[in-house]
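Peer 1: Sequence and predicted structure, then a few things I'm wondering about:
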Amino acid sequence: MSGLALTDRERLLALEEAERTFPMNEDEFRAFYDLTARPVWVYINRMTGDGRLADDLLQEAYYRLLRTTTTFESDDHRRNYLYRIATNLVHDHRRRPRADREPLLDAEREAAPDVAGGSEGRAARRIDLARAMARMKPRERSMLWLAYAHGCSHEEIAKVLGLKTSSLKALLHRARHRLAGLLSQDSAGGAQ
Amino acid sequence: MTRRICEHEPAVVEAVLGRRWPDACDQTLRDHAATCDVCGEVVEVAALLREDYDEARAAISRRDVPLPSAGQIWWRAAVHARADAARAAARPLVWGYGAAAACALGLLAAGASMVWPAVLPVFDRFGAFTARLAPAADMVMATLRAQLPIVITVVACIVAAPIALYFALREE
């Protein structure tokens, strides 16, 4: 969201227009944002491994949500749509040439102070998880995170990822099985 | 073949995500998970992911840069939407300029074809003059041919420089 050269008057007009054209008013948006911003940021952060990038994509996700013409039946519907936007933004970013950075580094960085703080076992488990997740396919990562960190239903995950609900169970099972395998490999490697 | 689905899976996931696992949940569910491959795997994965989620959420408040407030996001979205609308409104103008330029080029070509018969004798005289310079021109051409890679590079630079400048200096 750069390159905006508007006068003060235009900015005021922009706020008036926003109230008219955005699909919710500012108060509704504040309530929705306060409810969803942190989980969505965490989701983007865990999918990209980059806190600053998560900041940018978070803003872009809400901007796209505010510009959509879709009618939402409920806050849950709106939330799922937001996750879908976030997922697409993460995937779009990954397709760019500069997106070759190692994912999930933030998780390792956050876990590091725990080691110094004395909770070594927990920190080591989280580092194992970060490394195992980094080896998963992006869609598997999203699926597992939405299912087991956010507690989304199969229907919700299917909508967010653009999959059929009928195929999601098998895909989720496969992804979970693979993650469990990678985790047991990592913990066996760490124990040696 | 490995079993893929267990009817107790949703209950296990709910217990883990609700932070009731293992101590605050039903003993029968724990006994089941201890013997069921599917539920055992679900517990292992879900417990770790949920813990990571909680830690990541807690880490947001420890960051140097807090998340933007709802008001900031709303304000930026409003300004950005206005700028987008202004850009969209300017788009037909750009097409108009393009069409005008195309018309101007067409008129220029038509004008040139009309005055061409009058200009032709000048070229004939110029041709006679250049015929006298032919040996010198041959020498120049021979030199250019010998240095062809350099010539191509120079021409490419002359062509590419304005394009590169355009991409470097444009707003986005």
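Peer 2: Here it is on my side, so go on.
Peer 1: Isn't B:Leu48 up against A:Arg125?
Peer 2: Yes: counting by C-beta atoms under 8 Å, B:Leu48 touches A:Arg125, with 6.2 Å between them. In this view, the C-beta of every residue, glycine as well, is placed from N, C-alpha and C.
Peer 1: Neighbour count for the two, which is higher?
Peer 2: More crowded of B:Leu48 and A:Arg125, by other C-beta atoms under 10 Å in any protein chain shown: B:Leu48, with 24 against 21.
Peer 1: A:Glu16: what's it in contact with?
Peer 2: Neighbour list for A:Glu16: empty [criterion: C-beta atoms under 8 Å, 6 or more residues apart in numbering or on different chains].
Peer 1: Can you give me the distance of it to B:Val79?
Peer 2: Here the criterion is C-beta to C-beta, to the nearest Å. By it, A:Glu16 lies 12 Å from B:Val79.
Peer 1: likewise B:Ala88?
Peer 2: When distances are taken as C-beta to C-beta, B:Ala88 and B:Val79 turn out to be 15 Å apart.
Peer 1: Show me which of those two is the more surrounded one.
Peer 2: Neighbour count, other C-beta under 10 Å: between B:Ala88 and B:Val79, B:Val79 has more, with 19 against 9.
Peer 1: end to end, how far does stretch A:43-60 reach?
Peer 2: End-to-end distance for stretch A:43-60: 14 Å, by C-alpha to C-alpha, to the nearest Å.
Peer 1: Just the buried residues of it, please?
Peer 2: For stretch A:43-60, the neighbour count (16 or more other C-beta atoms under 10 Å in any protein chain shown) marks A:43-51, A:53-55, A:57-60 as buried.
Peer 1: burial of A:Arg176, as a residue count?
Peer 2: For A:Arg176, the neighbour count with other C-beta under 10 Å is 23.
Peer 1: Name the helix or strand for it, please.
Peer 2: Counting by DSSP states H and E, the element that carries A:Arg176 is helix A:165-191.
Peer 1: pLDDT weak spots in chain A?
Peer 2: Applying pLDDT under 70 to chain A flags residues A:1-6, A:97-120, A:187-192.
Peer 1: Could I get the full set of helices for it?
Peer 2: A:8-21, A:26-48, A:51-67, A:75-95, A:105-117, A:120-134, A:138-148, A:154-161, A:165-191 (DSSP state H).
Peer 1: repeat for chain B
Peer 2: Using DSSP H, helices in chain B cover B:9-17, B:27-35, B:37-60, B:70-132, B:134-146, B:148-169.
Peer 1: residue at max distance from the center of chain B?
Peer 2: Distance from the centre of chain B peaks at B:Arg132, with 56.1 Å (C-alpha atoms, centre = their mean).
Peer 1: Could you tell me which residues make contact with A:Leu89?
Peer 2: A:Ile44, A:Leu57, A:Glu60, A:Ala61, A:Arg64.
Peer 1: Not including adjacent chain positions, what is the nearest residue to it?
Peer 2: Nearest non-adjacent residue to A:Leu89, counting by C-beta to C-beta, 6 or more residues apart in numbering or on different chains: A:Leu57, 4.7 Å away.
Peer 1: doesn't A:His91 make contact with that neighbour?
Peer 2: No: look at A:Leu57 against A:His91 with C-beta under 8 Å: they stay out of range, at 10.8 Å.
Peer 1: Return, as residue ranges, the portions of chain B with sub-threshold pLDDT.
Peer 2: For chain B, the stretches flagged by pLDDT under 70 are B:1-4, B:170-172.
Peer 1: burial of residue 33, as a residue count?
Peer 2: You didn't say which chain, so I picked chain A. Using other C-beta under 10 Å, the number of residues around A:Tyr33 comes to 24.
Peer 1: if you could check chain B rather than the one you did, that'd help
Peer 2: When neighbours are counted by other C-beta under 10 Å, B:Ala33 registers 26.
Peer 1: Could you do B:Ala102 as well?
Peer 2: A count of nearby residues for B:Ala102, using other C-beta under 10 Å, gives 10.
Peer 1: That one and chain A, how far apart?
Peer 2: Distance of B:Ala102 to chain A, computed by C-beta to the nearest C-beta, to the nearest Å: 28 Å.
Peer 1: List the residues that contact that residue.
Peer 2: By C-beta under 8 Å, 6+ apart, no residues touch B:Ala102.
Peer 1: Kindly report the same for the one 3 residues further on.
Peer 2: Remark: with contacts taken as C-beta under 8 Å, 6+ apart, B:Leu105 is in contact with nothing.
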